[in-house]
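Enquirer: below: sequence and its predicted model.
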Amino acid sequence: MRQSRPGHDETGGNVGKLTMAAMETLRERMADDGRCDAALAGFERPQALREPLRALVQAQHQLLQAEHEVAQVADVLRRDQKYAPAGRPSIHIVQLRKQQAAAKQVMLIARQRLAQVAQTFVQASGLAVKAKQSPSEAVAAWLQALR
């Protein structure tokens, strides 16, 4: 299930409910050690999980930001292509396509980074991952509950 609305994750499942504003708020909260430890209170070693949690929140925020940029470029490209004359594309359209390709590349890298950080967090914390659920989806659902 892909959602193309700006500010939403496109990986599906419960992940689509996370917004950039919510992740920014969560990033600010996790900067404080006390609030970070409170969020990690259910785990064995909350102090040891501070940095993995902060990295996870940062990676999730970067992915949401990258997906938002992809959606914005796609909207502009669709709008401009709609009114472009038939034939060879204009330089503007070509530049938008290059911008779209670059934004998609950034999004793929952010998604890969999130997967790595999520795997690290799940291994360090022992967070339960359901069958047929990726670590990224599990941590996104857990982050959703933290909001």
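Expert: Alright, I've got the coordinates. Numbers count the residues shown, from 1 in each chain.

Enquirer: please, which helix or strand holds Pro85?
Expert: Secondary structure from DSSP states H and E places Pro85 outside every helix and strand.

Enquirer: ok, the one 4 residues further on next?
Expert: Assigned by DSSP H and E, Pro89 falls within no helix or strand.

Enquirer: please renumber the chain so that the first residue is 199 from this point on.
Expert: All right, first residue 199 from here; so that's Pro287.

Enquirer: mind checking how far it is from Val271?
Expert: 15 Å (Cβ to Cβ, to the nearest Å). From N, CA and C alone the C-beta is placed, and that goes for glycine too.

Enquirer: one more: Leu306?
Expert: Leu306 is 14 Å from Val271, by Cβ to Cβ.

Enquirer: go on, Pro333?
Expert: 29 Å.

Enquirer: returning to that earlier point: which one's more surrounded, Leu306 and Val271?
Expert: Val271 (19 against 13; other Cβ atoms under 10 Å).

Enquirer: that one and Ala301 touch, don't they?
Expert: Yes. Counting by Cβ atoms under 8 Å, Val271 does reach Ala301; the two are 5.1 Å apart.

Enquirer: have a look at this structure and report its longest helix.
Expert: helix 289-323 (DSSP state H).

Enquirer: list the helices and strands it packs on?
Expert: Using 3 or more Cβ pairs under 8 Å, 6 or more residues apart in numbering; DSSP states H and E as the contact criterion, the elements in contact with helix 289-323 are helix 248-280, helix 333-344.
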